[in-house]
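**Student:** Predicted structure and sequence below. I'll ask about it afterward.
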Amino acid sequence: MITSAPALFLAPMEGVTDAPMRAFLTELGGFTHVVSEFLRVNHEIYPKHVFIKHVPELDHGCLTSSGKPVIFQILGGDEKMMAANAEKAVALGVQAIDINFGCPSPTVNNSDGGATLLKYPARLRSIVAAVRAALPREISVSAKLRLGWDNINDIDTNFDAAVEGGADFITIHGRTRMQGYTRPAYWEPIGRMRARSPVPVVANGEIWTLDDFKRCRDITGCSHFMLGRGILADPYLARAVAHEMGLASQSSARLSEEYEAWLPHFKRFAELSLARTTKAEYTVKRIKQWGNFATKGRELKWFEKVKRLESLEEILSPLIS
(Lines give C-alpha, C1' and ligand atoms only; values in the text may rest on other atoms or scores of the structure.)
Protein backbone atom coordinates (compact mmCIF):
# COMPACT_ATOMS: atom_id res chain seq x y z
CA MET A 1 0.00 0.00 0.00
CA ILE A 2 2.89 2.38 0.76
CA THR A 3 5.98 2.41 -1.40
CA SER A 4 8.97 4.74 -1.30
CA ALA A 5 6.78 7.46 -2.83
CA PRO A 6 5.28 9.93 -0.32
CA ALA A 7 1.70 9.27 0.76
CA LEU A 8 -0.94 11.57 2.24
CA PHE A 9 -3.81 9.95 4.16
CA LEU A 10 -7.21 11.20 5.22
CA ALA A 11 -7.56 10.15 8.86
CA PRO A 12 -10.38 7.94 10.12
CA MET A 13 -12.59 10.08 12.37
CA GLU A 14 -15.54 8.28 13.89
CA GLY A 15 -18.82 9.97 13.04
CA VAL A 16 -17.03 12.46 10.80
CA THR A 17 -15.24 10.96 7.79
CA ASP A 18 -18.05 8.79 6.47
CA ALA A 19 -18.45 7.95 2.78
CA PRO A 20 -19.92 11.35 1.70
CA MET A 21 -17.15 13.23 3.52
CA ARG A 22 -14.50 10.91 2.07
CA ALA A 23 -15.92 11.53 -1.40
CA PHE A 24 -16.03 15.28 -0.91
CA LEU A 25 -12.52 15.68 0.50
CA THR A 26 -10.90 13.47 -2.11
CA GLU A 27 -12.70 15.40 -4.86
CA LEU A 28 -10.91 18.53 -3.66
CA GLY A 29 -7.59 16.78 -4.23
CA GLY A 30 -4.33 16.14 -2.38
CA PHE A 31 -4.95 12.82 -0.67
CA THR A 32 -3.45 9.60 -2.00
CA HIS A 33 -5.38 7.29 0.40
CA VAL A 34 -8.23 7.41 2.89
CA VAL A 35 -8.88 5.27 5.96
CA SER A 36 -12.45 4.38 6.88
CA GLU A 37 -14.04 4.90 10.26
CA PHE A 38 -13.51 1.80 12.37
CA LEU A 39 -15.75 -1.23 12.24
CA ARG A 40 -16.03 -2.46 15.81
CA VAL A 41 -15.44 -6.22 15.95
CA ASN A 42 -16.99 -8.11 18.83
CA HIS A 43 -17.79 -11.83 18.82
CA GLU A 44 -19.26 -12.48 15.39
CA ILE A 45 -18.34 -12.45 11.72
CA TYR A 46 -20.48 -9.75 10.20
CA PRO A 47 -22.71 -10.42 7.18
CA LYS A 48 -21.96 -8.76 3.86
CA HIS A 49 -24.45 -5.91 4.25
CA VAL A 50 -22.64 -4.64 7.37
CA PHE A 51 -19.38 -4.23 5.46
CA ILE A 52 -21.14 -2.53 2.54
CA LYS A 53 -23.01 -0.16 4.83
CA HIS A 54 -19.79 0.68 6.63
CA VAL A 55 -17.75 1.23 3.45
CA PRO A 56 -20.13 1.77 0.50
CA GLU A 57 -17.08 2.21 -1.73
CA LEU A 58 -16.88 -1.61 -1.75
CA ASP A 59 -19.45 -1.44 -4.55
CA HIS A 60 -16.94 0.52 -6.62
CA GLY A 61 -13.67 -1.32 -6.20
CA CYS A 62 -13.11 0.10 -2.70
CA LEU A 63 -12.30 3.47 -4.26
CA THR A 64 -13.80 6.87 -3.63
CA SER A 65 -15.61 8.56 -6.52
CA SER A 66 -12.34 10.29 -7.42
CA GLY A 67 -10.45 6.98 -7.46
CA LYS A 68 -8.64 7.08 -4.12
CA PRO A 69 -8.23 3.73 -2.32
CA VAL A 70 -10.14 3.24 0.91
CA ILE A 71 -8.31 1.33 3.63
CA PHE A 72 -10.77 -0.61 5.79
CA GLN A 73 -10.20 -0.03 9.51
CA ILE A 74 -11.21 -2.53 12.20
CA LEU A 75 -11.12 -2.29 15.99
CA GLY A 76 -11.38 -4.90 18.70
CA GLY A 77 -9.56 -7.11 21.18
CA ASP A 78 -10.50 -10.62 20.05
CA GLU A 79 -7.72 -11.66 17.72
CA LYS A 80 -9.64 -14.56 16.16
CA MET A 81 -12.68 -12.41 15.36
CA MET A 82 -10.48 -9.56 14.13
CA ALA A 83 -8.75 -11.96 11.75
CA ALA A 84 -12.01 -13.55 10.61
CA ASN A 85 -13.68 -10.23 9.89
CA ALA A 86 -10.60 -8.94 8.09
CA GLU A 87 -10.69 -12.08 5.96
CA LYS A 88 -14.38 -11.49 5.18
CA ALA A 89 -13.69 -7.86 4.25
CA VAL A 90 -10.96 -8.90 1.84
CA ALA A 91 -13.26 -11.50 0.27
CA LEU A 92 -15.67 -8.64 -0.44
CA GLY A 93 -13.01 -6.57 -2.18
CA VAL A 94 -11.04 -4.71 0.49
CA GLN A 95 -7.43 -4.24 -0.57
CA ALA A 96 -5.94 -3.03 2.74
CA ILE A 97 -6.76 -3.41 6.44
CA ASP A 98 -5.85 -0.98 9.21
CA ILE A 99 -6.10 -1.90 12.89
CA ASN A 100 -7.15 0.81 15.34
CA PHE A 101 -5.09 0.94 18.53
CA GLY A 102 -5.64 4.65 19.02
CA CYS A 103 -9.31 5.46 19.68
CA PRO A 104 -9.48 7.22 23.08
CA SER A 105 -13.25 6.89 23.58
CA PRO A 106 -14.04 5.55 27.07
CA THR A 107 -16.91 3.50 25.64
CA VAL A 108 -14.58 1.85 23.15
CA ASN A 109 -11.76 1.40 25.66
CA ASN A 110 -14.07 -0.15 28.23
CA SER A 111 -15.11 -2.67 25.59
CA ASP A 112 -11.54 -3.87 25.00
CA GLY A 113 -10.88 -1.81 21.90
CA GLY A 114 -8.78 1.05 20.61
CA ALA A 115 -6.15 2.64 22.83
CA THR A 116 -6.75 0.25 25.73
CA LEU A 117 -4.66 -2.33 23.85
CA LEU A 118 -1.64 -0.03 24.27
CA LYS A 119 -1.50 -1.30 27.85
CA TYR A 120 -0.97 -4.86 26.58
CA PRO A 121 1.81 -4.95 23.96
CA ALA A 122 1.79 -8.74 23.74
CA ARG A 123 -1.92 -8.72 22.85
CA LEU A 124 -1.36 -5.92 20.36
CA ARG A 125 1.32 -8.04 18.68
CA SER A 126 -0.96 -11.08 18.62
CA ILE A 127 -3.84 -9.16 17.04
CA VAL A 128 -1.64 -7.78 14.27
CA ALA A 129 -0.10 -11.21 13.71
CA ALA A 130 -3.49 -12.95 13.56
CA VAL A 131 -4.84 -10.49 10.98
CA ARG A 132 -1.63 -10.66 8.97
CA ALA A 133 -1.66 -14.46 8.94
CA ALA A 134 -5.29 -14.59 7.78
CA LEU A 135 -4.76 -12.49 4.66
CA PRO A 136 -2.91 -12.89 1.38
CA ARG A 137 0.53 -11.31 1.34
CA GLU A 138 -0.52 -8.73 -1.25
CA ILE A 139 -3.13 -7.31 1.12
CA SER A 140 -1.62 -4.56 3.26
CA VAL A 141 -2.05 -4.73 7.03
CA SER A 142 -1.26 -1.60 9.01
CA ALA A 143 -1.68 -0.37 12.58
CA LYS A 144 -2.60 3.02 13.99
CA LEU A 145 -1.08 3.75 17.40
CA ARG A 146 -1.02 6.52 19.94
CA LEU A 147 2.19 7.14 21.86
CA GLY A 148 0.87 5.18 24.81
CA TRP A 149 -1.91 5.09 27.38
CA ASP A 150 -0.45 7.75 29.66
CA ASN A 151 3.28 7.78 28.88
CA ILE A 152 4.70 8.97 25.56
CA ASN A 153 7.70 6.66 25.94
CA ASP A 154 5.52 3.56 25.73
CA ILE A 155 5.54 4.02 21.97
CA ASP A 156 8.81 2.07 21.75
CA THR A 157 7.31 -1.14 23.13
CA ASN A 158 4.03 -0.88 21.23
CA PHE A 159 5.72 0.09 18.00
CA ASP A 160 8.00 -2.94 18.22
CA ALA A 161 4.98 -5.14 18.95
CA ALA A 162 3.21 -3.92 15.79
CA VAL A 163 6.33 -4.46 13.69
CA GLU A 164 6.86 -7.94 15.13
CA GLY A 165 3.22 -8.76 14.42
CA GLY A 166 3.83 -8.07 10.75
CA ALA A 167 2.42 -4.58 10.15
CA ASP A 168 3.35 -3.32 6.69
CA PHE A 169 3.30 0.28 7.88
CA ILE A 170 2.42 2.10 11.10
CA THR A 171 0.64 5.39 11.69
CA ILE A 172 1.51 7.19 14.92
CA HIS A 173 -0.74 9.83 16.46
CA GLY A 174 1.53 12.00 18.58
CA ARG A 175 -0.51 11.93 21.80
CA THR A 176 -1.28 9.49 24.59
CA ARG A 177 -4.76 8.17 25.20
CA MET A 178 -5.06 10.25 28.39
CA GLN A 179 -4.37 13.42 26.41
CA GLY A 180 -7.35 12.81 24.17
CA TYR A 181 -7.07 15.66 21.67
CA THR A 182 -5.52 18.25 23.97
CA ARG A 183 -2.35 19.97 22.86
CA PRO A 184 0.47 19.45 22.32
CA ALA A 185 1.08 16.59 19.94
CA TYR A 186 4.56 15.15 20.48
CA TRP A 187 6.22 14.64 17.12
CA GLU A 188 9.70 13.82 18.43
CA PRO A 189 8.84 10.21 19.41
CA ILE A 190 7.40 9.69 15.93
CA GLY A 191 10.74 10.75 14.49
CA ARG A 192 12.55 8.38 16.82
CA MET A 193 10.46 5.45 15.61
CA ARG A 194 10.86 6.47 11.98
CA ALA A 195 14.65 6.59 12.34
CA ARG A 196 14.85 2.95 13.46
CA SER A 197 11.84 1.47 11.70
CA PRO A 198 12.04 -1.35 9.14
CA VAL A 199 8.59 -0.30 7.82
CA PRO A 200 7.16 3.05 6.69
CA VAL A 201 5.88 5.40 9.41
CA VAL A 202 3.00 7.83 8.93
CA ALA A 203 3.02 10.96 11.12
CA ASN A 204 -0.32 12.18 12.47
CA GLY A 205 -1.55 14.75 14.95
CA GLU A 206 -1.98 18.53 15.24
CA ILE A 207 -1.37 19.42 11.59
CA TRP A 208 -3.74 22.36 11.07
CA THR A 209 -1.74 24.50 8.65
CA LEU A 210 0.99 24.20 6.04
CA ASP A 211 3.47 25.57 8.58
CA ASP A 212 2.42 22.84 11.03
CA PHE A 213 3.08 20.28 8.33
CA LYS A 214 6.55 21.67 7.63
CA ARG A 215 7.46 21.57 11.33
CA CYS A 216 6.14 18.03 11.64
CA ARG A 217 8.16 16.96 8.61
CA ASP A 218 11.31 18.60 9.96
CA ILE A 219 10.93 17.01 13.41
CA THR A 220 9.86 13.51 12.35
CA GLY A 221 11.78 13.13 9.09
CA CYS A 222 8.73 11.29 7.77
CA SER A 223 7.74 11.03 4.11
CA HIS A 224 4.16 9.97 4.86
CA PHE A 225 1.51 11.96 6.72
CA MET A 226 -2.10 11.78 7.85
CA LEU A 227 -4.45 14.76 8.17
CA GLY A 228 -7.42 14.68 10.54
CA ARG A 229 -9.28 17.58 12.10
CA GLY A 230 -7.11 20.11 10.27
CA ILE A 231 -8.64 19.16 6.93
CA LEU A 232 -12.10 20.03 8.24
CA ALA A 233 -10.85 23.38 9.49
CA ASP A 234 -9.45 24.05 6.03
CA PRO A 235 -10.54 21.73 3.19
CA TYR A 236 -7.74 23.08 0.98
CA LEU A 237 -5.04 21.96 3.42
CA ALA A 238 -4.51 18.60 1.69
CA ARG A 239 -3.80 20.32 -1.63
CA ALA A 240 -1.29 22.66 -0.02
CA VAL A 241 0.44 19.79 1.80
CA ALA A 242 0.41 17.60 -1.31
CA HIS A 243 2.06 20.40 -3.28
CA GLU A 244 4.75 20.73 -0.62
CA MET A 245 5.27 16.94 -0.71
CA GLY A 246 5.66 16.95 -4.49
CA LEU A 247 2.37 15.11 -5.02
CA ALA A 248 0.52 17.95 -6.74
CA SER A 249 1.55 20.53 -9.29
CA GLN A 250 -0.62 23.26 -7.84
CA SER A 251 -1.17 24.49 -4.32
CA SER A 252 -4.12 26.40 -2.92
CA ALA A 253 -4.68 29.29 -0.57
CA ARG A 254 -6.44 28.73 2.73
CA LEU A 255 -10.20 28.89 2.41
CA SER A 256 -11.56 32.38 3.09
CA GLU A 257 -13.44 33.07 6.30
CA GLU A 258 -16.43 34.41 4.37
CA TYR A 259 -19.50 32.21 4.21
CA GLU A 260 -19.70 32.64 0.43
CA ALA A 261 -16.41 30.70 0.17
CA TRP A 262 -17.71 27.83 2.30
CA LEU A 263 -21.18 27.68 0.79
CA PRO A 264 -20.29 25.82 -2.47
CA HIS A 265 -18.50 23.18 -0.41
CA PHE A 266 -21.44 22.75 1.94
CA LYS A 267 -23.74 22.43 -1.08
CA ARG A 268 -21.54 19.77 -2.68
CA PHE A 269 -21.30 17.83 0.57
CA ALA A 270 -25.09 18.01 0.90
CA GLU A 271 -25.46 16.52 -2.60
CA LEU A 272 -23.13 13.65 -1.72
CA SER A 273 -24.78 13.10 1.64
CA LEU A 274 -28.36 13.16 0.35
CA ALA A 275 -27.40 10.70 -2.37
CA ARG A 276 -26.86 8.16 0.43
CA THR A 277 -29.61 9.17 2.84
CA THR A 278 -33.00 10.82 2.51
CA LYS A 279 -32.64 12.35 5.98
CA ALA A 280 -31.86 16.02 5.49
CA GLU A 281 -31.57 16.46 9.25
CA TYR A 282 -28.52 14.16 9.20
CA THR A 283 -26.86 16.41 6.65
CA VAL A 284 -27.74 19.48 8.73
CA LYS A 285 -26.00 17.96 11.75
CA ARG A 286 -22.96 17.06 9.69
CA ILE A 287 -22.58 20.57 8.27
CA LYS A 288 -22.87 22.06 11.76
CA GLN A 289 -20.27 19.57 13.00
CA TRP A 290 -18.01 20.59 10.14
CA GLY A 291 -18.52 24.27 10.93
CA ASN A 292 -17.53 23.62 14.53
CA PHE A 293 -14.22 22.13 13.37
CA ALA A 294 -13.74 25.08 11.01
CA THR A 295 -13.80 27.53 13.92
CA LYS A 296 -10.75 25.96 15.54
CA GLY A 297 -8.00 28.53 15.61
CA ARG A 298 -10.04 31.33 14.06
CA GLU A 299 -13.34 33.13 14.36
CA LEU A 300 -15.96 32.45 11.70
CA LYS A 301 -18.74 34.91 12.40
CA TRP A 302 -21.26 33.03 10.28
CA PHE A 303 -21.05 29.89 12.39
CA GLU A 304 -22.91 31.48 15.31
CA LYS A 305 -25.88 31.91 12.97
CA VAL A 306 -25.55 28.57 11.17
CA LYS A 307 -25.51 26.48 14.34
CA ARG A 308 -28.96 27.83 15.26
CA LEU A 309 -30.59 27.02 11.94
CA GLU A 310 -32.87 24.00 11.63
CA SER A 311 -33.27 23.29 7.93
CA LEU A 312 -30.88 22.46 5.12
CA GLU A 313 -32.53 25.11 2.95
CA GLU A 314 -31.67 27.79 5.49
CA ILE A 315 -28.06 26.64 5.84
CA LEU A 316 -27.52 26.54 2.09
CA SER A 317 -29.00 29.98 1.53
CA PRO A 318 -26.55 32.56 0.14
CA LEU A 319 -28.19 35.11 2.44
CA ILE A 320 -26.85 33.52 5.59
CA SER A 321 -23.85 35.86 5.73
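**Tutor:** Happy to help now that I have it.
**Student:** List the contacts of the closest residue to Ser65 other than its chain neighbours.
**Tutor:** Among residues not flanking Ser65 along the chain, Ala23 sits closest, at 4.9 Å (C-beta to C-beta, 6 or more residues apart in numbering). Bear in mind the C-beta positions are built from the backbone N, C-alpha and C, glycine included. Listed by C-beta atoms under 8 Å, 6 or more residues apart in numbering, the contact partners of Ala23 are 64-66, 272.
**Student:** Please, where are all the strands along this protein?
**Tutor:** 7-10, 33-35, 39-40, 70-75, 96-101, 140-148, 169-176, 201-204, 224-227 (DSSP state E).
**Student:** Specify the stretch among the ones you listed that is closest to Gly113.
**Tutor:** strand 70-75 (4.7 Å; C-beta to C-beta).
**Student:** can you pull out the helices in this protein?
**Tutor:** Counting by DSSP state H, the chain has helices at residues 19-28, 48-54, 79-91, 106-109, 121-134, 155-165, 188-196, 210-220, 229-233, 237-245, 259-274, 280-294, 301-306, 312-315.
**Student:** Let me have those helices in JSON lines, extended by distance to Phe38 and mean pLDDT.
**Tutor:** Listed next are these as JSON lines, based on distance: least, C-beta to C-beta, whole Å; pLDDT from 0 to 100:
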{"stretch": "helix 19-28", "distance to Phe38": "14", "mean pLDDT": "96"}
{"stretch": "helix 48-54", "distance to Phe38": "9", "mean pLDDT": "97"}
{"stretch": "helix 79-91", "distance to Phe38": "11", "mean pLDDT": "98"}
{"stretch": "helix 106-109", "distance to Phe38": "8", "mean pLDDT": "93"}
{"stretch": "helix 121-134", "distance to Phe38": "13", "mean pLDDT": "98"}
{"stretch": "helix 155-165", "distance to Phe38": "16", "mean pLDDT": "98"}
{"stretch": "helix 188-196", "distance to Phe38": "21", "mean pLDDT": "98"}
{"stretch": "helix 210-220", "distance to Phe38": "24", "mean pLDDT": "97"}
{"stretch": "helix 229-233", "distance to Phe38": "17", "mean pLDDT": "94"}
{"stretch": "helix 237-245", "distance to Phe38": "21", "mean pLDDT": "96"}
{"stretch": "helix 259-274", "distance to Phe38": "20", "mean pLDDT": "94"}
{"stretch": "helix 280-294", "distance to Phe38": "18", "mean pLDDT": "92"}
{"stretch": "helix 301-306", "distance to Phe38": "28", "mean pLDDT": "92"}
{"stretch": "helix 312-315", "distance to Phe38": "28", "mean pLDDT": "94"}
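**Student:** Distance to Leu147 added to the ones you listed, as TSV?
**Tutor:** Output for these, formatted as TSV (distance: least, C-beta to C-beta, whole Å):
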stretch	distance to Leu147
helix 19-28	26
helix 48-54	28
helix 79-91	22
helix 106-109	16
helix 121-134	13
helix 155-165	4
helix 188-196	6
helix 210-220	13
helix 229-233	18
helix 237-245	22
helix 259-274	33
helix 280-294	23
helix 301-306	32
helix 312-315	38
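**Student:** Quick check: which of the ones you listed is nearest to Ser36?
**Tutor:** helix 48-54 (6.8 Å).
**Student:** Just give me how far the closest one sits from the chain centre.
**Tutor:** How far helix 48-54 lies from its chain's middle: 19 Å, per C-alpha atoms, centre = their mean, to the nearest Å.
**Student:** And for it, what's in contact with it?
**Tutor:** 36-37, 39, 58-59, 72, 88-89, 92, 94.
**Student:** Give me the buried stretch members for that helix, please.
**Tutor:** Across helix 48-54, burial judged by 16 or more other C-beta atoms under 10 Å covers 51, 54.
**Student:** Please list all residues in contact with Gly30.
**Tutor:** 8, 237-242, 247-248.
**Student:** re the thing from before, buried subset of the contacts of helix 48-54?
**Tutor:** By 16+ other C-beta under 10 Å, the contacts of helix 48-54 give 36-37, 39, 58, 72, 88-89, 94 as buried.
**Student:** Report the two of those separated the most.
**Tutor:** Longest span within these, C-beta to C-beta: Glu37 and Lys88, 17.5 Å.
**Student:** measure the residue lying closest to Met178 once chain neighbours are set aside to Gly180 for me?
**Tutor:** In this structure, Met178 finds its nearest non-sequential neighbour in Asp150, 4.4 Å apart by C-beta to C-beta, 6+ apart. Going from Asp150 to Gly180 by C-beta to C-beta, to the nearest Å gives 11 Å.
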